[in-house]
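Student: just to be clear, the model below is a prediction. Sequence and coordinates:
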Amino acid sequence: MNYKTYNDMAIDIKKNIAKVPADTDLIVGIPRSGMLSAVILSENTNIPCTSLDCFMDGKTHSTASTDRKIFSGKAVRNVLVIDDSICTGKSVDAIRAQISDLGLDKKFNITYCAVYGCSWDTPSVDFCMTVCPTPRMFQWNYLNIWYLEKSCWDIDGLLCLDPTSDQNDDGPNYEEFLRTARPLMIPKFEIMALVTSRLEKYRSQTEEWLAKHGVKYKKLYMLNVATAEERRRLGLHAPFKAKIFKSMHGAEFFYESERQQAIEISKLSGKPCFCTTTDELFFGGEITTHTAKRKKPIRRIIAVLIPFPKLRRRFRG
């Protein structure tokens with residue numbers, strides 16, 4: 001899995017600014033992720049940027065000191081339309097068609113680009129800044145992508161805010177929390193399974209809250225022990241989640257808000273786990289990025305540096 005962060009995108013854009021036409025007058029971001037790319041590029045070039053909708057309406061973004069202004073063909077001639085990534089090219093092709101229908105491609109010289117392409121051969125855009133092959137995931141959209149259909153999610157701290165210490169009494173306060181918990185992140189895709197260390201005895205309240213807030217999921221796994229105290233005493237949170245995740249055929253990712261649990265889940269399951277609080281991707285208990293390199297075992301390094309078995313044994317002491 002190639003995983004790109006906000007910082008990666010900023011660095012990759014800076015490294016490839018030379019690919020941007022020098023006579024660019026305006027940068028247009030394709031919502032939503034392309035706006036992030038447009039702003040980063042704009043801040044590093046001092047070229048003004050706007051959204052696709054504003055561009056098609058003939059307007060720029062308003063600022064604290066100026067009103068929205070209709071830009072003229074004389075002031076703006078060369079336009080760069082940018083998206084964060086491209087794969088099949090269908091989205092960019094659709095946008096090209098909209099711009100053409102409005103006649104903007106005759107009024108402006110328009111160049112299309114993406115920060116990340118699956119390969120250098122991307123005919124739907126004029127150029128890509130760099131290549132990030134699939135499978136890939138981005139920090140700015142991993143919580144709302146079709147991969148959720150192959151993922152398991154925790155509930156507290158992810159779908160809703162965590163209970164406070166006063167609410168988490170395994171009694172009346174907790175039951176009130178289950179009914180009124182504030183939503184945090186409600187995905188638009190169906191989740192393969194919800195795997196929570198909430199106790200089985202609270203299933204009905206949990207299912208009612210999920211239905212109320214439109215959370216789509218196939219299965220709900222809950223921890224079947226008598227009390228929250230027993231759960232804490234046995235340390236069942238991460239082992240329970242990892243066991244379910246590991247056993248589920250087709251489940252490729254786990255989404256967990258608590259960092260230490262995310263590390264343990266990835267280690268015990270042998271599958272990738274996102275920590276949604278820190279936006280880190282863990283695999284085998286170690287942080288994983290597109291630049292991460294697995295450390296070579298000490299024994300292998302010794303074997304390379306010291307080719308004779310007796311000396312290797314003496315070196316190990």
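Tutor: Looks like it arrived, so ask away. Residues are numbered from 1 along each chain as shown.
Student: which ones are touching the closest residue to residue 138 other than its chain neighbours?
Tutor: Nearest non-adjacent residue to residue 138, counting by Cβ to Cβ, 6 or more residues apart in numbering: residue 4, 5.0 Å away. Yep, even glycine has a C-beta here, placed from its N, CA and C like the rest. Counting by Cβ atoms under 8 Å, 6 or more residues apart in numbering, residue 4 touches 12, 116, 132, 136-139, 290.
Student: can you name the two of these that sit furthest apart?
Tutor: Greatest spacing in the contacts of residue 4, by Cβ to Cβ: 12 and 137 (15.3 Å).
Student: give me the neighbour count for the closest residue to residue 276 other than its chain neighbours.
Tutor: In space, and not counting its chain neighbours, residue 276 is closest to residue 257: 5.0 Å by Cβ to Cβ, 6+ apart. By other Cβ atoms under 10 Å, 22 other residues sit near residue 257.
Student: can you pull the pLDDT of residue 257?
Tutor: pLDDT for residue 257: 95.
Student: look at residue 12 and residue 137 and report which has more neighbours.
Tutor: residue 137 (20 against 17).
Student: okay, and the beta partners of that one?
Tutor: On the basis of DSSP bridges, residue 137 is bridged to residue 3.
Student: residues contacting it?
Tutor: Counting by Cβ under 8 Å, 6+ apart, residue 137 makes contact with 1-4, 145, 147, 281.
Student: go again using 7 Å as the cut-off
Tutor: 1, 3, 147 (Cβ atoms under 7 Å, 6 or more residues apart in numbering).
Student: so the second one sits right up against residue 282, yeah?
Tutor: No. Counting by Cβ atoms under 7 Å, residue 3 stays clear of residue 282, with 10.6 Å between them.
Student: just the buried residues of the strand or helix carrying residue 244, please?
Tutor: Taking DSSP states H and E as the definition, residue 244 sits inside helix 237-247. By neighbour count on 16 or more other Cβ atoms under 10 Å, the buried set for helix 237-247 is 237-245.
Student: thanks a lot, see you next time.
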